[in-house]
Every structure is written in structure tokens, then in C-alpha cells.
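Q: Give the three-dimensional model of this entry:
(one chain, ligands or ions: 1)
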Amino acid sequence: MKFILSEGMFLIPIAFDISNAEEFWHSDVIGFLDNVEHTVINFIASDGNKHQLYDVKCGCFDTTKFNQVSLRELLFIVPEIALDQAAKSWQYAEFLRTHQFCGCCGSKTKAVTEEMATQCTNCGHKVYPRVSPCIIVSIRKGSEILLAQGVRQRSAGFYSTLAGFVESAETLEQAVHREVFEEVGIKIKNLRYSGSQPWPFPHSIMCGFMADYQSGTLNPDKTEILHADWFTINNLPKTAPGVSIASKLIEQTIDEIKKYSAG
Ligand SMILES: [Zn+2]
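A: Residues are numbered from 1 along each chain as shown. Next up, the predicted model:
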């Protein structure tokens, strides 16, 4: 596939059906770029296939033949495999744009050809795309699930599981216990790893866990979490979109509650 990025947005030809992975990005569109300054980034995506990203540098490009779509908007309209590829291309473009100078000596860097990295032209310091680990956890208390509305979810009006960044020199498990206590003031137990998901906003890996309530009263911090409550499965609020690991953890917890309630 060939991706075009301009001003942080993907350019999708207006005539294309972007819910169709085959049609999603098409080689013919590259003709539009012949007279425009751009960087070509070659990469291999999670499907093992080679892809190319055309990162259009300037705002002088005629975008009237394209829809401009953000990576977050793609979450809701493209198949998962196309999203993986789009996310990887976006992260590489972001990496190259934000690593043009060396963090050690301040000299100009250049992209390395044999791997995704930049290297300083003066001191040789090499930098790879950043990946920031985050934890995300779904918590059950008997026949109820803990769901919270964070500051970021307020405009969309949905509830989700708790999540947060892992700090330096911290294990994933320590991060889960710390984040849960900081955000809603409770203690948890019986922590189990569930799975992970790359989350390109801007360069996270979400590490998913399931846990059970141990003690304490819900007390949202009001900084990151506006509201949190225990919900029965017959009374669930609007929750996170289907492609996210949060929705998978919520589904797993609902299954646990059904088994628990069945005795
Ligand atoms: Zn340097």
C-alpha cells in the first residue's frame, strides 16, 4: 500500500471507499505528488508486506481531490489490518519529523537505510522510534464492573477501563496498582495479564490486565477521571469503541460476571 500524509492527516482520494482495505490506498494517486516536495519512507508492516509512505512537507499541495482524515478518525472506518498499517506509517513519519537533530550534540541527523532509525551525522548517536508502555485494566467486584469517564472521553460521552503510562523503573504490575489507586482510590487483587495492543496516540503500547476489587471506596481524582462507578451488565453505559483493547477487556469482564452470577 502507499500512504500519503500531509499536515498530520492522511489524504484519501475522494472517489475511494475507505472501508474497503483493497481500495484503501492506491498506487495511482502518487501521480499527484510529482511536483510536490515529499519524503518517501519504506517500511514493512505487521502483515509482512512492504509499504511506502509519502510524507508531503508543505501546505502547497492541492488537496481538493482528497478527503483529509486523522488517524483517530480512521479507527472507526477502516478494517483492522489497514489501521495497523496506517498507524505504523504515521508513527514513522512522526518519528522522522521530530528527530531531525541529535539529542547529544545538536547536529543534523539522517535516516538510516537498513532499519527504522536516525543517526547523527557528527557523533553517530542513533535513535529509534519511541514506544511508550501503558497499562490498561478492567476491574470486577462480584457481579459489577468498574467503568470510568476520563477527561478525554467526556466529549465522546463514553465510559472505559482505567489506563495510564508506566513510569521509569516500574514493573507493569506496579504501574497497574499505582494507577488504579491514584485515579480512583481503591486497592485491587488477583491481577492477570490479558494481552496487548499498539496504540499510536502518539506511540504507546497498551498492556491489558484483568483484576478483582480488594478494598476502598471509589474516589475519582477529578484531574484525569471525572466519574467512576460500578455497573451491572444490565445497566452498562456507552463504552469504548470496538477496535480498542478496552472494549475487549470489558467483554472479558462481562463474561466473567456471567459465570460468577451463574454460580
Ligand atoms: Zn550528535
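Q: Could I get the contacting residues of I225?
A: 148-151, 162, 183-184 (Cβ atoms under 8 Å, 6 or more residues apart in numbering). For the C-beta atoms, the positions are set from N, CA and C on the backbone; glycine is no exception.
Q: could you flag which of these are buried?
A: Neighbour-count burial (16 or more other Cβ atoms under 10 Å) is assigned, among the contacts of I225, to 148-150, 162, 183-184.
Q: out of the contacts of I225, what pair is the most spread apart?
A: The span of the contacts of I225, defined through Cβ to Cβ, is set by V151 and V184 at 13.9 Å.
Q: low-scoring stretches of the protein, by residue?
A: 18, 20-35, 46, 58-62 (pLDDT under 70).
Q: at 90 instead, please
A: Along the chain, segments meeting pLDDT under 90 span 1-94, 96-97, 111, 113-116, 151-158, 198-203, 240-244, 261-263.
Q: Near the ion, which residues of it? Just list them.
A: 102, 104-105, 107, 120, 122-123, 125 (Cβ under 5 Å from the ion).
Q: Now list the buried members of these.
A: Looks like these have 102, 120 buried, using 16+ other Cβ under 10 Å.
Q: mind putting the residues of the chain next to the ion in a markdown table, secondary structure included?
A: What follows is the residues of the chain next to the ion, written out as a markdown table (DSSP: H, G, I helix; E, B strand; the rest coil):
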| residue | secondary structure |
| --- | --- |
| C102 | coil |
| C104 | coil |
| C105 | coil |
| S107 | coil |
| C120 | strand |
| N122 | coil |
| C123 | coil |
| H125 | coil |
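Q: Which of the buried ones among the contacts of I225 fall in helices?
A: 183-184 (DSSP state H).
Q: I245: which of the buried ones among the contacts of I225 is nearest?
A: Using Cβ to Cβ, those come closest to I245 at L162, 12.5 Å.
Q: what's the distance between the closest one and M206?
A: Distance of L162 to M206, computed by Cβ to Cβ, to the nearest Å: 12 Å.
Q: Next, show the common contact partners of the two.
A: With Cβ under 8 Å, 6+ apart as the test, L162 and M206 both reach I136.
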